[in-house]
Structure formats: structure tokens, C-alpha cells
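Engineer: What would the 3D arrangement of this be:
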Amino acid sequence: MVCTGCQRTPHADLEADAATLRIAFEAKPSRVDPRYASDAYSARVVGLVFVSLVTPGADGGFRPYLARSWRWDDARTCTFDLTEGFGFEDGRPVRADDVVATFQAVLAADSGSPRRSTLSKVLAVEAVGGTSVRFHLSEPDAAFFEGATLGVLASEQAALDNPAAGELLASGPYRVGSVEPDGSVGLVRNPHFLHAPVPIPRIHIRVIPDALTRVLELENGSVDLVQSAIDPDTVDWLARRDEDIEVTRTASANFQYLGINLRHAVLADVRVRRALAHAIDRDAITREIFNGQARTADSMLPPEHWAHTKHVHSWRYDPQHARALLDRAGLRDPDGDGPQPRVSLDFKTTTEDLSRRIAEVLAAQLAAVGIELRIRSYDWGTFFADIQRGEFHLYSLQWVGIADPDILRQVLHSELRPPLGSNRGGFVDRRTDRLTELARGAMDPDMRRRLYARVERRAARLLPYVPLWWPERVIVSNRRLTGFQAHPAGDLLGLLDARLEPLGTR
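Structural biologist: Model prediction:
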């Protein structure tokens with residue numbers, strides 16, 4: 001076992017260490033294993049601990065990482081040439097055999113990996129010499145590169161079923177040095193990463209669920225970096241109040257939506273879903289709750305994405321029309337202007353402050369058209385597990401770091417319900433299935449763009465989810481952190497070019 005000191009590094013020592021970058025997360029990572037990481041917190045840690053063939057680019061494309069280049073030998077064969085110099089934490093170089101073993105572990109019929117569906121067209125993976133890896137596909141797959149973002153494990157460890165955090169050899173810039181009972185993770189620089197170690201020696205990812213505590217920790221200097229996890233009002237206040245705190249706002253690749261259980265008898269009616277969309281004043285929420293730090297969305301893919309389309313139906317705020325739709329769906333108001341609702345639905349959310357505020361605003365707006373929302377708040381782990389199991393009426397979440405537009409197939413295809421995919425609401429539409437399958441097989445980018453535009457237009461009419469907004473990426477950091485460039489996808493690989501400086505030296 002690699003992580004022999006997983007409980008050894010004291011919390012206070014890390015905080016006092018000037019060479020340690022302290023990052024605050026709202027919730028703990030569920031799995032520090034690239035095969036199973038499915039939430040944003042896990043993905044951010046995994047991205048620092050494991051190298052992948054490619055990483056997402058800012059526009060939804062992909063850029064080299066472990067693979068320095070790649071080529072399509074034919075429509076069903078792709079070869080990656082690896083960069084030499086990457087090493088596991090024990091000093092052994094990352095080889096083609098490690099890549100092959102990692103992908104084979106995910107592709108195994110009994111793997112249970114959520115990454116398996118993105119690789120379903122892969123028939124075989126083989127090492128070509130020691131420095132190239134060749135993938136053989138059953139048919140052309142334009143979405144294949146999404147699967148190539150999988151973190152690479154050591155070949156001898158790829159068969160481990162349920163390793164503890166830190167048990168797997170790190171192939172990325174950091175290794176797991178400590179794991180605390182609350183889920184906080186200490187990362188230590190991997191000295192064998194590429195040709196030289198990264199500038200920041202240690203990272204301490206602290207799990208701080210309470211928003212006020214995150215702010216106080218930033219102010220007193222015991223946290224250096226918080227990413228999109230501070231109330232928008234407080235962000236502006238911090239920027240004005242503290243000269244040692246810097247705020248950076250950029251476009252993100254995130255998408256907030258209202259999730260809907262289409263298996264529910266009432267919500268299965270598209271008229272009810274359209275009433276929900278008309279009843280929500282998204283412009284008011286982005287203006288008043290987010291202080292302009294979000295843009296009202298009408299589709300999943302943000303405007304900066306290469307496959308984004310402007311030509312989709314946008315559901316304007318119209319509570320009167322929402323009431324009319326509910327009437328036509330048979331959900332008539334039982335007492336006119338009285339207190340009785342047309343229907344009562346559970347809305348699941350987390351205990352995080354901003355999520356609670358949004359839930360309360362949604363409840364007030366829907367109450368105005370006769371829909372009662374019973375807000376149910378849970379810790380992140382319980383909440384996310386319920387969503388994955390389909391145990392909800394309504395909820396709201398973000399898709400974080402959208403890269404390949406094949407996310408639309410993952411979310412909407414009728415056969416891709418958890419754990420195989422992310423169709424959590426149980427949406428079934430054969431035309432959408434066919435369109436997403438055609439788009440996945442279309443190797444021409446223009447054809448893919450046109451097909452995904454049709455998918456988004458159809459989703460806008462059928463509303464398997466209600467688009468809410470595209471939040472900005474808001475980085476709040478201590479000024480001792482320099483050179484960090486936020487990525488639209490939300491990963492932390494920008495830290496590889498960042499440094500820590502004593503305050504007052506800039």
C-alpha cells in the first residue's frame with residue numbers, strides 16, 4: 001500500500017506550512033480513482049493525481065497530455081504516441097502497457113465503471129512498442145476522445161476493485177499523502193512527474209461545507225483558493241474589502257438545470273414540464289441571486305462551445321401561461337386564490353447555503369402558479385446517491401466541465417440510465433436516441449454540430465430537464481497564489497504553472 005502515511009500529516013502542520021496551497025471544497029470527493037470518479041470534487045482531485053492521454057480544451061475540444069500526438073489510421077483505428085518522461089510516484093516510467101491495462105479494466109464487463117459507456121465502441125486496445133497505444137473501434141466514434149481523458153493507472157494495479165484513496169500509484173503531478181476523516185486530502189508533489197517537479201510542493205484540499213466558514217478561512221489566510229463556491233454577494237464584498245484577496249471571473253463550461261423525474265405520473269406530462277419552465281424567472285435569479293455572475297441558459301452547451309446552437313426554443317417567464325398549461329394537464333387550482341396547491345412535489349437539494357437559497361426562490365416562483373415544492377436538504381453524499389438512484393421528483397445540479405457534446409447522449413439516451421450513463425430522469429425518446437447515435441458516429445465536425453443542434457432543439461421542446469443558467473467560473477484566491485489560470489472545465493491543472501509567494505512581495 002502506497003499511502004502508508006494517510007493519517008500521518010496533521011491538519012495544523014499543513015496550514016502552517018508556507019509551501020502548501022490550501023484549497024476549500026464544499027463537499028468531499030467520493031472516489032479518488034479515475035475509473036469511478038463521477039462527481040466534480042473527485043474529478044478535480046483525480047486530475048491532479050493521474051495523467052491522461054488528453055485533457056479538455058477551452059472550446060470543448062481536446063489537447064495533448066500524456067499523448068503528444070495522435071492520428072486516425074482509418075475510420076476505426078486511432079493511435080496515440082506517448083510523451084516520454086512521465087513517471088509514477090515510485091519512479092517507474094508511465095508506459096503504453098499501463099494505458100492498455102487501465103482501459104481494459106474499465107472495459108471489463110463487470111467493471112461497473114461509469115466511464116465504460118463512453119468507451120463502448122472500443123473493441124481492443126494494444127501497445128505498439130513501448131511508446132504508442134492503438135485503439136480499435138467497432139465503428140466510427142467521434143466522441144471517443146471524451147473516453148481518452150481517463151486517468152492512467154499502473155498496469156499491476158488496474159485490476160484492484162475498490163482501492164483506498166492513495167493506494168493507487170500516482171501518475172500525475174501529485175500523489176495522495178494524507179486522507180482525513182472528513183474527506184480532506186493532502187497531496188504531495190510527485191518528483192517523477194514529467195521532467196521536473198511542479199512548482200507548488202504540497203496541496204491541502206480542505207472540505208468546508210459551510211459557506212461562511214469558507215469566507216472566514218479566506219480572510220484569515222488559512223485558505224488560499226476557492227473555486228465557484230462562495231455566495232455571489234460575498235464575492236463582491238471580499239473583492240472590495242480585502243486587498244490580499246483577488247477575484248477572477250471567466251466563462252465556465254458548466255450548466256445548471258432543473259432535473260425532472262419523468263417516471264412520476266404528473267411530471268411525465270410535457271405540459272406540466274413546460275409549465276415549470278414558464279413559471280421560473282431565470283433572468284431574475286441570475287440578476288438578483290448571482291449578481292450577474294451567471295447567464296440565462298436555453299440549452300446545455302454554453303455559447304463558447306464549438307457545437308453550441310442559438311436556434312433553440314427559449315421558455316420565457318410567463319406565469320399566466322404556466323397556469324393555463326396546468327389547467328390543460330388536469331391540474332386545476334382547487335380553491336382559486338386560496339392556499340391549496342394544484343400539486344405538491346419534493347425538491348431535493350444540498351445543505352449548501354446558495355443551493356438552499358435557490359431552492360427557496362424556485363419554491364416561491366412555482367407556488368405562484370399553484371405548485372408546492374417541499375424542499376428536502378441533504379448532505380452532498382446522500383443527495384447525490386439519491387439522484388443517481390432516481391429517488392427524486394425535482395432537483396437542481398450542474399454539469400461541470402462540459403467538453404465533448406456527446407454529453408447529450410449520456411444524459412438523454414434511453415439506455416444510458418445510471419450507472420451506465422446519466423439519464424437520471426428516465427427520458428425515453430427514440431428519435432433522440434437515433435440522433436445522438438448518428439452524432440456519435442459522424443466524424444465530420446460540421447455534421448456533428450448540425451445533429452447536436454437537432455438534439456438540443458428537440459430537448460427544448462420535450463423538456464427532459466429545464467435549462468436554468470450557465471454560471472461563471474469565479475476564482476477567489478489569496479494573492480500569494482500567482483500564475484493560476486482557471487479552466488472553463490473547472491479542473492485544477494492550471495496549478496502546474498502556478499507558484500506561491502509570500503504576501504507583500506508582489
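Engineer: Please, where are all the strands along the stretch 251-400 of the chain?
Structural biologist: When secondary structure is read from DSSP state E, counting those that start in this stretch, the stretch 251-400 of the chain shows strands at 255-260, 294-296, 343-350, 371-378, 394-399.
Engineer: which other helices and strands contact the second one?
Structural biologist: I take that to be strand 294-296. Other helices and strands packing on strand 294-296, by 3 or more C-beta pairs under 8 Å, 6 or more residues apart in numbering; DSSP states H and E, are helix 282-288, strand 465-471. Every C-beta, even on glycine, is put in place using the N, C-alpha and C of the backbone.
Engineer: possible to save the strands of the stretch 251-400 of the chain as CSV with mean neighbour count?
Structural biologist: Below are the strands of the stretch 251-400 of the chain laid out as CSV (neighbours: other C-beta atoms under 10 Å):
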stretch, mean neighbour count
strand 255-260, 22
strand 294-296, 19
strand 343-350, 20
strand 371-378, 17
strand 394-399, 21
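Engineer: Check for me that residue 71 belongs to a strand.
Structural biologist: Yes. For residue 71, which was evaluated using DSSP: H, G, I helix; E, B strand; the rest coil, the result is membership in a strand.
Engineer: wouldn't it be in contact with residue 79 here?
Structural biologist: Yes. With the criterion set as C-beta atoms under 8 Å, residue 71 and residue 79 qualify as a contacting pair; they are 5.6 Å apart.
Engineer: Those two: who's more crowded?
Structural biologist: Set side by side, residue 71 and residue 79 give different neighbour counts by other C-beta atoms under 10 Å, the larger being at residue 79 (16 against 10).
Engineer: and the closest residue to the more buried one other than its chain neighbours, what is it in contact with?
Structural biologist: In space, residue 79 comes closest to residue 134 once its chain neighbours are excluded; the distance is 4.6 Å by C-beta to C-beta, 6 or more residues apart in numbering. Residues in contact with residue 134, defined by C-beta atoms under 8 Å, 6 or more residues apart in numbering, are 73, 77, 78, 79, 80, 125, 126, 127, 128.
Engineer: Return the closest of the residues you listed with respect to residue 484.
Structural biologist: Top of the list for closeness to residue 484, among the contacts of residue 134 and by C-beta to C-beta, is residue 80 at 28.3 Å.
Engineer: re earlier: now tabulate the strands of the stretch 251-400 of the chain in TSV and tack on mean pLDDT and distance to residue 189.
Structural biologist: Listed next are the strands of the stretch 251-400 of the chain as TSV, based on pLDDT from 0 to 100; distance: least, C-beta to C-beta, whole Å:
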stretch	mean pLDDT	distance to residue 189
strand 255-260	97	34
strand 294-296	95	35
strand 343-350	97	32
strand 371-378	97	36
strand 394-399	95	30
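Engineer: Which residue ranges make up each domain of the chain?
Structural biologist: 11-28+174-251+473-500, 54-157, 255-471 (automatic domain parsing).
Engineer: what's the least confident stretch among those?
Structural biologist: Across the domains of the chain, the stretch with the lowest average pLDDT is domain 11-28+174-251+473-500; it has a mean of 87.
Engineer: how about residue 102, secondary structure?
Structural biologist: Using three-state DSSP, the three-state assignment for residue 102 comes out as helix.
Engineer: thinking again about what came up before, single out the most deeply packed of the helices and strands packed on strand 294-296.
Structural biologist: Ranked by mean neighbour count, the helices and strands packed on strand 294-296 are led by strand 465-471 with a mean of 24 (mean count of other C-beta atoms under 10 Å).
Engineer: just how off-centre is that strand within its chain?
Structural biologist: Relative to the mean C-alpha coordinate of its chain, strand 465-471 is positioned 14 Å out (C-alpha atoms, centre = their mean, to the nearest Å).
Engineer: circling back to that earlier point, right, so of the strands of the stretch 251-400 of the chain, which gets closest to residue 496?
Structural biologist: Within those, the stretch nearest residue 496 is strand 394-399; the backing value is 24.6 Å (C-beta to C-beta).
Engineer: Okay, now the sheet partners of that closest one, with direction.
Structural biologist: When pairing is defined by DSSP bridges, strand 394-399 lines up against strand 255-260 (antiparallel), strand 343-350 (parallel).
Engineer: Using a markdown table, please lay out those strands together with distance to residue 412.
Structural biologist: Converted to a markdown table, those look like this (distance: least, C-beta to C-beta, whole Å):
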| stretch | distance to residue 412 |
| --- | --- |
| strand 255-260 | 12 |
| strand 343-350 | 21 |
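Engineer: These: which one's closest to residue 178?
Structural biologist: Counting by C-beta to C-beta, residue 178 lies closest to strand 343-350 out of these; the figure is 25.6 Å.
Engineer: got a list of contacts for that closest one?
Structural biologist: Outside of strand 343-350, the residues that reach it under the criterion C-beta under 8 Å, 6+ apart are 27, 264, 266-267, 331, 355-356, 358-359, 362-363, 370-380, 383, 386-387, 392-396.
Engineer: can I get the strands of the stretch 251-400 of the chain in a markdown table with distance to residue 51?
Structural biologist: Formatted as a markdown table, the entries for those read as follows, by distance: least, C-beta to C-beta, whole Å:
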| stretch | distance to residue 51 |
| --- | --- |
| strand 255-260 | 27 |
| strand 294-296 | 33 |
| strand 343-350 | 31 |
| strand 371-378 | 34 |
| strand 394-399 | 24 |
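Engineer: To residue 89, which of those strands lies closest?
Structural biologist: Between residue 89 and the strands of the stretch 251-400 of the chain, the shortest gap by C-beta to C-beta is with strand 394-399, which sits at 31.6 Å.
Engineer: The closest one: how far from the chain's middle?
Structural biologist: Chain-centre distance of strand 394-399: 11 Å, with C-alpha atoms, centre = their mean.
Engineer: and the lengthiest helix in the chain with strand 465-471, angle?
Structural biologist: When every helix of the chain is counted residue by residue (DSSP state H), the longest turns out to be helix 445-462. Regarding helix 445-462 and strand 465-471, their directions subtend 120 degrees when assessed with axes from the mean of the first three to the mean of the last three C-alpha atoms, to 10 degrees.
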